[in-house]
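In: Make a model of this:
(one chain, ligands or ions: 1)
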Amino acid sequence: MARRMLIVGNWKMNGLIETAQALTEDILSGLSARVARSGSVRCEVVLCPPATALYAVNQRVGGSLVRLGGQDLSEFESGPHTGETGGGMLRDVGCGYVIVGHSERRSGWGEDNARVARKMAAAFRAGLQPIVCVGETLEEREQGRTLEVVRAQLEALFPCLPPQSDTRQSLVVAYEPVWAIGSGRHALPEQVQEVHGFMRRILLERLGEDGHAIRIVYGGSVKAGNAGSLFALEDVDGGLIGGASLQSVDFLAIIDAVPETF
Ligand code: PEP
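Out: Okay, the predicted model is just below:
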């Protein structure tokens, strides 16, 4: 079963409305030029600006081939949760996707596997496609616990997956080794394939055919220079891009690295 490659830009807590709009414009015109040149873009593109810029970015991307995503959501729909954003609110502002359980939230805000799973369920309830991040710390890798950690993070999701096939197939899993995020040190292709192949086997064991459709993207210091070798791997269905998504030239070069065959 062919899976459409997915490239997600995670802008994190960077940029005001004006810079977000300018970056969006640059990305959109770069993509339009590619469509004019070769008829299409080889992947789905999602931009995840800070919450304060979602509305403004949505004004620009509406009707284009770019989709909008949030960077986090509450596990609750509404109520006395000061500072939180519900999935319905993200839908309301134009999001189709939301990042869940990014390592910066797992480590900085104490989000454990159970809460990440509840947030994933909240995203599905709101009609959003969750991009759930998993990945080991450097210490866990050095202790030889990478697969054990990733398995536990993945297994926690299954009880919270919706029963409908088409909905659960829309899940995206992002393998983001914590030591590779923002460090300039990406995981080696063989390390990435080992973990992605391992997760694919778990998804197939637990979900049968639905496990084929779920996309597994890689994140962690992806740049134009390493994207090609990572995206060519059998079980890599795209990338979650942090730092390099803040410059349109870099982000577009990463999109160009998506292989022709997808
Ligand atoms: C991220 O924050 O999800 C990420 C992958 O960041 P970077 O590309 O900067 O490592």
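In: Could you report the separation of F231 from the ligand?
Out: Separation of F231 from the ligand (C-beta to the nearest ligand atom, to the nearest Å): 14 Å. No exception for glycine: its C-beta is placed from N, CA and C like everyone else's.
In: how many other residues sit next to that residue?
Out: 23 (other C-beta atoms under 10 Å).
In: And for the one 5 residues further on?
Out: For V236, the count of nearby residues is 22 (other C-beta under 10 Å).
In: Give me the pLDDT for the closest residue to it other than its chain neighbours.
Out: Closest residue to V236 apart from its sequence neighbours, by C-beta to C-beta, 6 or more residues apart in numbering: Y218 at 5.3 Å. We have a pLDDT of 98 for Y218.
In: elements contacting the strand or helix carrying Y218?
Out: Using DSSP states H and E, Y218 sits in strand 215-219. Applying 3 or more C-beta pairs under 8 Å, 6 or more residues apart in numbering; DSSP states H and E, one finds that strand 215-219 makes contact with strand 6-10, strand 172-175, helix 189-207, strand 238-241.
In: one more time with 10 Å
Out: Contacts defined by 3 or more C-beta pairs under 10 Å, 6 or more residues apart in numbering; DSSP states H and E place strand 215-219 against strand 6-10, strand 129-134, strand 172-175, helix 189-207, helix 224-231, strand 238-241.
In: mind listing what's buried in that strand?
Out: R215, I216, V217, Y218, G219 (16 or more other C-beta atoms under 10 Å).
In: Neighbours of the closest residue to A224 other than its chain neighbours, how many?
Out: Nearest non-adjacent residue to A224, counting by C-beta to C-beta, 6+ apart: A253, 3.6 Å away. Look at A253: counted by other C-beta under 10 Å, it has 17 neighbours.
In: I'd say A253 and G30 touch.
Out: Yes - counting by C-beta atoms under 10 Å, A253 does reach G30; the two are 9.5 Å apart.
In: And the ligand, is stretch 129-139 touching that?
Out: No - using C-beta under 6 Å from any ligand atom, stretch 129-139 stays clear of the ligand, with a minimum separation of 7.0 Å.
In: Now do the buried residues in that stretch.
Out: Buried-residue list, stretch 129-139, by 16+ other C-beta under 10 Å: Q129, P130, I131, V132, C133, V134, G135, E136, T137.
In: Reformat the residues you listed as TSV; add distance to I241 and pLDDT.
Out: Shown next, in TSV, are the buried residues of stretch 129-139 (distance: C-beta to C-beta, whole Å; pLDDT from 0 to 100):
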residue	distance to I241	pLDDT
Q129	17	98
P130	18	98
I131	12	98
V132	17	98
C133	13	98
V134	17	98
G135	15	98
E136	20	97
T137	21	96
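In: Distance from the lengthiest helix in the chain to the middle of the chain?
Out: As assigned by DSSP state H, the longest helix anywhere in the chain is helix 17-38. Helix 17-38 has its C-alpha centroid displaced from the chain centroid by 20 Å (C-alpha atoms, centre = their mean, to the nearest Å).
In: With stretch 168-184 instead?
Out: For stretch 168-184, the distance to the chain centre is 7 Å (C-alpha atoms, centre = their mean).
In: same deal with stretch 230-238?
Out: For stretch 230-238, the distance to the chain centre is 14 Å (C-alpha atoms, centre = their mean).
In: Check stretch 93-104 too.
Out: On C-alpha atoms, centre = their mean, the centre of stretch 93-104 falls 8 Å from the chain's centre.
In: Same question for stretch 190-204.
Out: The answer for stretch 190-204 is 16 Å, by C-alpha atoms, centre = their mean.
In: Can you name the residues in contact with it?
Out: The contact list for stretch 190-204 (C-beta atoms under 10 Å, 6 or more residues apart in numbering) reads 134-136, 141, 146-147, 149-151, 153-155, 157-158, 168, 171, 173, 175, 177, 180, 186-188, 210-214, 216-218, 220, 229-230, 232-237.
In: what's the span of stretch 82-90, first residue to last?
Out: For stretch 82-90, the first-to-last residue distance is 16 Å (C-alpha to C-alpha, to the nearest Å).
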